[in-house]
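In: Fold the stuff below for me.
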Amino acid sequence: MTTTTLAVLVPLLPFLGSAAGLLLGRAAPGFVRPLAVLPTLAAAVLAVLVAARQGGGKAIDAATQLTPTGSVPVDLALHIDGFAALVAVLVGVVATCVQIYSTGYLREDPRYPSYAALVSLFTSAMLLVVYSGDLMVLLVGWEIMGICSYFLVGHYWETPEARAASLKAFLVTKLGDVPFLIGLFALAADAGTFRITGVLGAVASGGLDHPTLIALLLLAGVAGKSAQFPLHTWLPDAMAGPTPVSALIHAATMVAAGIYFTARLLPVFAASAAAMTVLAVMAAITMVGSALAALAQDDIKRVLAYSTIGQLGYMAGALAVGDRGAAVFHLLSHAAFKALLFLAAGAVIHAAGTNSLTAMSRMSGLAKRIPDAYWTMTIALLALAAIPPFAGFFSKEAVLVAAEHTALGDRDVAPAGAGWTVLGAGLLTALLTAAYALRLWLRTFRGRGAEAPDHGRQPIAMTTVLWVLAIPSLGFGLTATYVDDWFDGHALTPTVTTAVLGTGLAAAGAVITYAIWRTLTARTPVAAPAPHVAHPDADAGLVEAEALHLPHPAEDPADPGRALLGPLHGPAADGFHLDAVYRTAFVRPVLAAASLVRFLDREVVDTYVSAAGDSAKGLGWLVRRAQTGNVQTYLSALLAGSVVLAIAAVALANAVAGA
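Out: Residues are numbered from 1 along each chain as shown. Have a look, this model is predicted:
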């Protein structure tokens with residue numbers, strides 16, 4: 001079987017599994033789990049074979065015309081270079097882990113068949129984005145992911161939070177997708193093709209007439225899809241969906257799509273120094289702002305959501321300094337430990353028997369009850385904090401090294417100012433990341449909140465996946481010196497300067513956080529244990545935390561985040577009130593305009609329409625009153641009319657004669 005055929009099957013198999021799952025979900029429920037896991041697993045295996053054959057060498061290209069357009073053609077094309085081959089393996093592996101994990105996590109969920117089918121479709125759409133060699137075909141996968149995220153985030157549609165979060169995710173990402181679509185058309189108009197190879201060739205020959213405009217339009221879509229400032233606000237709210245969906249979105253699909261798209265078309269952005277500067281500033285604000293927000297959250301999933309935003313900021317920063325190798329390397333590394341973090345958080349939620357009990361201030365006694373989640377989450381948090389030799393250290397160092405080279409003028413792909421911006425923000429974020437990572441670990445596994453009831457052992461499908469993902473979280477970074485050929489040949493090894501600065505700041509953040517936590521816990525009495533509450537629907541994730549009579553998170557006095565942030569804690573906990581700004585700047589004016597239109601329609605347009613109807617109705621009433629059926633009345637009226645006409649005629653004749 002040719003490599004091209006294998007590559008076609010990679011996105012096709014999950015799509016067929018999704019279609020079969022939707023068709024057979026109710027008629028043959030026994031086939032739902034095999035149809036969820038096996039096609040995705042097969043796609044992952046085939047992606048590994050494609051990567052082995054591609055080998056980090058010359059890109060694999062194949063195309064056939066999809067449809068005649070009369071102008072710029074649209075091709076069903078493949079373009080598989082080292083980046084695409086590795087990212088496809090990542091998507092297949094993480095999606096397989098999520099599907100296997102979900103068989104245990106949602107085993108009692110009545111909507112599991114539709115959930116599993118949507119996850120497969122989500123996976124297929126991302127693989128289409130990864131392998132596509134034509135921008136219009138890529139756009140198809142891009143938009144399908146938006147639809148899938150809407151349904152998956154709103155999986156628990158019984159709750160208003162899930163409904164609002166799904167709608168917000170859809171609308172905010174669409175806000176970026178509109179200029180993104182315009183940018184794609186403008187890019188094709190300048191380059192004369194939608195083919196990625198043709199576009200890159202046009203850039204190399206200076207064929208783009210409007211590089212800055214095109215790059216900025218495309219960046220709007222990237223900001224929306226990859227949750228970068230200022231279009232990042234949908235991602236924390238998307239935690240209302242099932243936790244495995246969060247793992248899939250944050251690690252391998254949706255948010256990774258924008259970073260991957262920018263990496264694939266980096267020469268388009270690099271053709272404009274202004275666009276690279278905008279990308280650097282956007283990445284810097286995203287990194288620092290999200291880290292501060294993560295330090296103030298009490299919900300474990302929202303901490304991880306803001307963490308994802310910050311790590312995506314690192315990737316965007318690497319792209320802003322012109323090093324797509326460092327960006328994709330961190331994308332792969334981050335996918336492993338972030339998927340592990342979310343799935344371990346799911347084990348914590350599952351152990352508590354509720355989808356709502358995610359407040360760290362309410363947790364206690366979890367380290368002994370769920371040792372698999374405890375140890376694997378510890379590994380993932382060390383990787384997140386970039387502690388050597390865990391994966392996050394090497395990939396984050398690759399970003400900092402790239403920023404250092406650009407800042408010092410060793411690379412001229414981007415302005416030196418962009419390098420300094422990314423380097424400074426990256427180092428500050430390293431300190432903050434270690435602080436909120438240790439805070440999460442301490443409050444989740446060493447917290448002294450009221451202990452939630454024990455709901456038994458975790459399903460083997462869940463714990464096995466955690467240990468599978470722990471392997472790359474621990475060891476993937478060690479491959480940095482062996483995968484240079486897959487990443488444009490750029491060295492990905494750390495340098496002494498950035499390694500000392502980055503690790504030193506991370507250690508400082510962790511030490512300060514731990515010291516504050518020890519001081520606060522010494523002053524805080526241990527909370528009384530909560531009463532045991534048995535819930536038959538525990539695995540369905542529909543139990544309310546308030547039913548357990550646990551303390552409110554705002555009352556937790558042992559939170560080091562409050563001491564670290566000081567007066568910034570309130571704004572950071574609320575995402576720096578960006579949602580309020582959007583409500584004031586956009587939502588309220590739109591609602592006011594809608595109210596005005598409704599008023600004009602009802603009071604002006606409807607008034608004219610009603611008046612016309614009332615006039616016809618009144619005239620009809622008069623005519624009807626005249627139709628009495630009495631012949632004498634008709635003759636009298638006729639005679640009176642004749643007299644009036646005669647008098648009028650005489651008067652008119654006299655007037656004419658006098659004139």
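In: SS state for V413?
Out: coil (DSSP: H, G, I helix; E, B strand; the rest coil).
In: ok, it - how many residues close by?
Out: Using other Cβ atoms under 10 Å, V413 has 20 other residues around it. Any C-beta I mention is one placed from the backbone N, CA and C, and that applies to glycine too.
In: right, and it touches A320 too?
Out: No - taking contacts as Cβ atoms under 8 Å, V413 lies outside contact range of A320: 9.7 Å.
In: Now do the shared contacts for the two.
Out: Taking Cβ atoms under 8 Å, 6 or more residues apart in numbering as the criterion, V413 and A320 both touch M276.
In: now the helix or strand harbouring G201, how far from the chain's geometric center?
Out: Assigned by DSSP states H and E, G201 falls within helix 196-204. In terms of Cα atoms, centre = their mean, to the nearest Å, the centre of helix 196-204 is found 28 Å from the chain centre.
In: and if you look at stretch 122-132?
Out: Using Cα atoms, centre = their mean, the offset of stretch 122-132 from its chain centre is 15 Å.
In: what do you get for stretch 148-164?
Out: That offset, for stretch 148-164, works out to 14 Å (Cα atoms, centre = their mean).
In: next one: stretch 569-580
Out: The chain centroid and the centroid of stretch 569-580 are separated by 19 Å under Cα atoms, centre = their mean.
In: per-residue pLDDT, the residue nearest to G561 when sequence neighbours are not counted?
Out: Leaving aside its chain neighbours, G561 sits nearest to L295 (4.7 Å; criterion: Cβ to Cβ, 6 or more residues apart in numbering). Model confidence at L295, given as pLDDT, is 95.
In: which residues does L295 contact?
Out: 432, 435-436, 439, 561, 564-565, 572 are the contacts of L295 under Cβ under 8 Å, 6+ apart.
In: For it, give its distance to K338.
Out: 18 Å (Cβ to Cβ, to the nearest Å).
In: cool, L635 as well?
Out: For L635, the distance to K338 - Cβ to Cβ - is 97 Å.
In: Kindly report the same for I516.
Out: Remark: distance between I516 and K338 (Cβ to Cβ) = 26 Å.
In: Settle it for me: which of these two has more neighbours?
Out: K338 (29 against 19).
In: and that one, helix, strand or coil?
Out: helix.
In: in terms of contact, does it touch A251 like I think?
Out: Yes - between K338 and A251 there is a contact at 4.8 Å, judged by Cβ under 8 Å.
In: and the next element down the chain from the one helix or strand in the chain whose mean pLDDT sits lowest?
Out: The weakest-scoring helix or strand in the chain, judged by mean pLDDT, DSSP states H and E, is helix 366-369 (a mean of 79). Next along the chain after helix 366-369, taking DSSP H and E as the criterion, comes helix 371-384.
In: So which elements touch that next one?
Out: helix 324-352, helix 366-369, helix 391-407, helix 416-445, helix 460-475 (3 or more Cβ pairs under 8 Å, 6 or more residues apart in numbering; DSSP states H and E).
In: Compare the mean pLDDT across those helices and name the weakest.
Out: Lowest mean pLDDT of those: helix 366-369, a mean of 79.
In: quick one: low-confidence ranges for this structure?
Out: 352-359, 361-365, 448-456, 481, 489, 524-556, 659 (pLDDT under 70).
In: Which helix in it has the most residues?
Out: helix 160-191 (DSSP state H).
In: Would you mark the buried spots in that one?
Out: Neighbour-count burial for helix 160-191 flags 162, 165-166, 168-170, 172-173, 175-177, 179-184, 186-188, 190-191 (criterion: 16 or more other Cβ atoms under 10 Å).
In: Buried ones in the host helix or strand of S636, by neighbour count?
Out: Counting by DSSP H and E, the element that carries S636 is helix 631-658. By 16+ other Cβ under 10 Å, helix 631-658 has no buried positions at all.
In: for stretch 470-479, same thing?
Out: 470, 472-474, 476-477, 479.
In: same thing with stretch 563-583?
Out: For stretch 563-583, by 16+ other Cβ under 10 Å, it's 563-565, 568-569, 572-573, 575-576, 578-579, 582.
In: which ones among those are found in helices?
Out: Counting by DSSP H, the part of those found in helices is 563-565, 569, 572-573, 578-579, 582.
In: before we move on, what SS does T69 have?
Out: Going by three-state DSSP: T69 is coil.
In: Please report the distance of it from F194.
Out: Applying Cβ to Cβ to T69 and F194 gives a distance of 9 Å.
In: Tell me which of the two has more neighbours.
Out: Per other Cβ under 10 Å, whichever of T69 and F194 has more neighbours is F194, with 26 against 11.
In: mind pulling up the phi and psi values for that one?
Out: Backbone torsions for F194, taken as degrees, to the nearest 10, come to phi -90, psi -10.
In: ok, it touching P73?
Out: Yes - look at F194 against P73 with Cβ under 8 Å: they come within range, at 7.3 Å.
In: Contacts only, for the closest residue to A59 other than its chain neighbours.
Out: Using Cβ to Cβ, 6+ apart and skipping residues adjacent in sequence, the residue nearest A59 is D81, 4.0 Å away. By Cβ under 8 Å, 6+ apart, the residues touching D81 are 54, 59-60.
In: Which single one of those is nearest to A215?
Out: A59 (22.7 Å; Cβ to Cβ).
In: gap between V413 and I259?
Out: 17 Å.
In: Distance-wise, check the residue nearest to Y514 when sequence neighbours are not counted relative to I471.
Out: Among residues not flanking Y514 along the chain, L438 sits closest, at 6.2 Å (Cβ to Cβ, 6+ apart). L438 sits 23 Å away from I471 when distances are taken as Cβ to Cβ.
In: Kindly report the same for A437.
Out: Distance from A437 to I471, by Cβ to Cβ: 20 Å.
In: likewise I309?
Out: According to Cβ to Cβ, I309 and I471 sit 26 Å apart.
In: Grab the nearest non-local neighbour of G477.
Out: Using Cβ to Cβ, 6+ apart, the nearest residue to G477 is F394, at 3.1 Å.
In: Contact partners for L427?
Out: 400, 501-502, 505.
In: How far does stretch 252-267 sit from its chain's centre?
Out: So, by Cα atoms, centre = their mean, the centroid of stretch 252-267 is 12 Å from its chain's centroid.
In: Ignore what I typed, I meant stretch 62-73.
Out: 31 Å.
In: Of all the residues in it, which ones are buried?
Out: 62-63, 72-73.
In: gap between the two ends of it?
Out: 15 Å (Cα to Cα, to the nearest Å).
In: And the contacts of it?
Out: 4, 7, 74-78, 133-134, 136-137, 188-189, 192-195.
In: Just those residues: which are in helices?
Out: Reading helices off these with DSSP H, I get 4, 7, 136-137, 188-189.
In: Include distance to V609 when you put those residues into JSON lines, please.
Out: Below are the ones in helices among the contacts of stretch 62-73 laid out as JSON lines (distance: Cβ to Cβ, whole Å):
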{"residue": "T4", "distance to V609": "62"}
{"residue": "A7", "distance to V609": "60"}
{"residue": "M136", "distance to V609": "44"}
{"residue": "V137", "distance to V609": "48"}
{"residue": "A188", "distance to V609": "46"}
{"residue": "A189", "distance to V609": "45"}
